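**Q** My questions concern the predicted model and sequence given below.
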Number of protein chains: 2
Amino acid sequence: MKWCRFQSESGPTVAYGIIEGGAVTEVTGTPFGSHARTATTHPASSVKLLVPVIPPTFYAAGVNYREHVTEWAKARGVEPEFPPQADVGYRANNALIATDEAIVIPKDATDQVQYEGELVVVIGKQCKRVSEAQALDYVFGYTIGNDVSERTWQRGDRTLWRGKNTDTFKPMGPFIVTGLDPDHLRVTIRLNGKEMFSYAVKDAIFGVRQFISRISQYLTLYPGDVLWMGTDGATENMKDGDVVEVEIPSIGVLRNPVRRER
Amino acid sequence: MKWCRFQSESGPTVAYGIIEGGAVTEVTGTPFGSHARTATTHPASSVKLLVPVIPPTFYAAGVNYREHVTEWAKARGVEPEFPPQADVGYRANNALIATDEAIVIPKDATDQVQYEGELVVVIGKQCKRVSEAQALDYVFGYTIGNDVSERTWQRGDRTLWRGKNTDTFKPMGPFIVTGLDPDHLRVTIRLNGKEMFSYAVKDAIFGVRQFISRISQYLTLYPGDVLWMGTDGATENMKDGDVVEVEIPSIGVLRNPVRRER
């Protein structure tokens, strides 16, 4: 099933919807709690897609793919260091934008503002201390994220606050799709229509099951929490006027234009 | 004005309230948005106090007081390193508990589970790119936080995820008080009734105005966002059966019992 969160042309109401055959059926409630289909439908092309979920907690695996770690170390002139265990990090809700919204590079950023296309896991049910074997039972579905990063701030600041969480640096969407097997998903990143990198989600150092199980040993995961799984490969700079796309075929394309503030 | 978020004896409803002379007046809406006093009041002693706000984003200054940095460096056998600029960090909502709720130490934690009593700033109005001179105009009020930390996880993991964000490790409350001057506030930490440390909020390396102004140069702050200001001084281990209190006289006392899982 394909879910979206949207605003219709006719009004300011924000609602969840189910997309079927070019139409969005409006739903009351949220996909993670009690909800019901209404009789209201909209042509899918007429609605404004919003960030598909505002997470209570926004988790990010961070460094989780070997080639990305290696390329990042090469760029810094250091030895690659692979994470010894699935220690999760955080991102922040202020930075979330929907598909088609602009990534805005601040005036004082360097030219090293880069994409990181990745799978996003959306938690569906509260859980604590689940095994790896049970972990996927607590997933509602999957969406796509672009973990935009200003590399000089990422390297130089004491934390990732502005390097990763500057407003507009976290595009997420367009849809949440249920019933997928994360081991069969592939992420492709395009800049201005040119394929930059493509990788299999299952090549992660730590997979979805491992992160959910390990996090849940100490932390309760809640419906609507998101877990961004990290990206693979080298990443390139984005500049004013570019368009960046992250595609996972069974989910969709997360597409964002890039603007630099003047 | 003194605000709380509470649940009354009579039902499961969660509401905000204003505390005056031993009574809680129920309010519709939230203190950060449109709201109105109702005719319903409860004796203050009869309500269950909840975490006073669930923040959209949960900011934490982290290392922000000289003596705390010095003591922490001493414990690790390294030179103290003071932050060169106000780079903010994050904590996570799963870990929040209210006053009187128990801090639960997981079975596999070491005995190095320590308190950090601190001032919490609650944002009242959306802001971006505010000056230090304007910064306090965007503050709704102040509450109290205890940034409980498992020191071996804090030092050893790649991130602070379980060292700082294990469930129950973020007591916050009991009230949000408006109209205070942060430069005149003092934080006192007690363990089992014994004063462990007391410090002036204004001795911070970076103050409330500096953090709000700097964060807002890149990030939009939203109503209900919280900023924990960091603690000062050495901190000590807490064990099963202890009671930890953080007091800021014009706000109140945040009091939590400590339990270790068996």
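**A** It's in. Source: prediction; values computed, not measured.

**Q** For residue A:239, see how far away the closest residue to residue A:90 other than its chain neighbours is.
**A** Spatially, and ignoring its direct neighbours in sequence, residue A:90 is nearest to residue B:90 (4.6 Å; CB to CB, 6 or more residues apart in numbering or on different chains). In this view, the C-beta of every residue, glycine as well, is placed from N, C-alpha and C. Taking CB to CB, to the nearest Å as the measure, residue B:90 falls 29 Å from residue A:239.

**Q** Please name the nearest non-neighbouring residue to residue A:92.
**A** residue A:165 (4.3 Å).

**Q** related to what we said a few turns ago, between residue B:90 and residue A:239, which is the more surrounded one?
**A** Using other CB atoms under 10 Å in any protein chain shown as the criterion, residue B:90 and residue A:239 rank with residue B:90 on top: 24 against 14.

**Q** Next up, the contacts around the more buried one.
**A** A:90, A:92, A:159, A:161, B:57-60 (CB atoms under 8 Å, 6 or more residues apart in numbering or on different chains).

**Q** Just the ones in helices from these, please.
**A** Among those, DSSP state H puts residue A:161 in helices.

**Q** Looking at the contacts of residue B:90, which one is closest to residue A:233?
**A** Among those, residue A:90 lies closest to residue A:233 (CB to CB), at 23.1 Å.

**Q** beta partners for the closest one?
**A** residue A:59 (DSSP bridges).

**Q** can you pull the pLDDT of it?
**A** Looking at residue A:90, its pLDDT is 97.

**Q** buried ones in the lowest-mean-pLDDT helix or strand in chain A?
**A** One helix or strand of chain A scores below all others by mean pLDDT, DSSP states H and E: helix A:66-76, with a mean of 87. Burial within helix A:66-76, assessed by neighbour count using 16 or more other CB atoms under 10 Å in any protein chain shown, is assigned to A:68-72.

**Q** Does that helix reach chain B?
**A** No: on the criterion CB under 8 Å from any CB of the partner chain, helix A:66-76 is out of touch with chain B, staying 11.9 Å away.

**Q** residues making contact with that helix?
**A** Identification of contacts with helix A:66-76 by CB under 8 Å, 6+ apart yields A:63, A:79-82, A:116, A:151, A:155, A:199, A:203, A:205, A:230-235.

**Q** Using CSV, write out the CA atom coordinates for it.
**A** Below are the C-alpha coordinates for helix A:66-76, written out as CSV (Å, rounded to 0.1, in the frame of the first residue of the first chain):
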residue,chain,number,x,y,z
ARG,A,66,31.8,0.6,3.2
GLU,A,67,32.4,2.5,0.0
HIS,A,68,31.0,5.7,1.5
VAL,A,69,33.2,5.3,4.6
THR,A,70,36.2,4.7,2.3
GLU,A,71,35.5,7.7,0.0
TRP,A,72,34.9,10.0,3.0
ALA,A,73,38.2,8.9,4.6
LYS,A,74,40.0,9.4,1.2
ALA,A,75,38.6,13.0,0.9
ARG,A,76,39.9,13.7,4.4
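
**Q** State the mean pLDDT of stretch A:236-248.
**A** pLDDT averaged over stretch A:236-248 gives 98.

**Q** cool, stretch A:179-190 as well?
**A** 98.

**Q** What residues sit buried inside it?
**A** Per 16+ other CB under 10 Å, stretch A:179-190 contains these buried residues: A:180, A:182, A:185, A:187-190.

**Q** Ramachandran angles for residue A:216?
**A** phi -70, psi -10 (degrees, to the nearest 10).

**Q** Run a quick neighbour tally on it.
**A** If we define neighbours as other CB under 10 Å, then residue A:216 has 21 of them.

**Q** Helix, strand, or coil at the closest residue to chain B within the stretch 1-150 of chain A?
**A** Nearest residue of the stretch 1-150 of chain A to chain B: residue A:87, at 4.0 Å (CB to the nearest CB). Taken by DSSP: H, G, I helix; E, B strand; the rest coil, the conformation at residue A:87 corresponds to coil.

**Q** and the strand or helix carrying residue A:189, what other elements does it pack with?
**A** According to DSSP states H and E, residue A:189 maps onto strand A:186-191. The contact analysis (3 or more CB pairs under 8 Å, 6 or more residues apart in numbering or on different chains; DSSP states H and E) places strand A:186-191 against strand A:117-123, strand A:194-200, strand A:243-248.

**Q** and if we set it to 10 Å?
**A** strand A:117-123, strand A:139-146, strand A:194-200, strand A:243-248, strand A:252-260 (3 or more CB pairs under 10 Å, 6 or more residues apart in numbering or on different chains; DSSP states H and E).

**Q** Reformat these as a markdown table; add distance to residue B:19 and mean neighbour count.
**A** As requested, the helices and strands packed on strand A:186-191 are arranged in a markdown table below (distance: least, CB to CB, whole Å; neighbours: other CB atoms under 10 Å in any protein chain shown):
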| stretch | distance to residue B:19 | mean neighbour count |
| --- | --- | --- |
| strand A:117-123 | 35 | 26 |
| strand A:139-146 | 39 | 25 |
| strand A:194-200 | 55 | 15 |
| strand A:243-248 | 49 | 22 |
| strand A:252-260 | 46 | 19 |
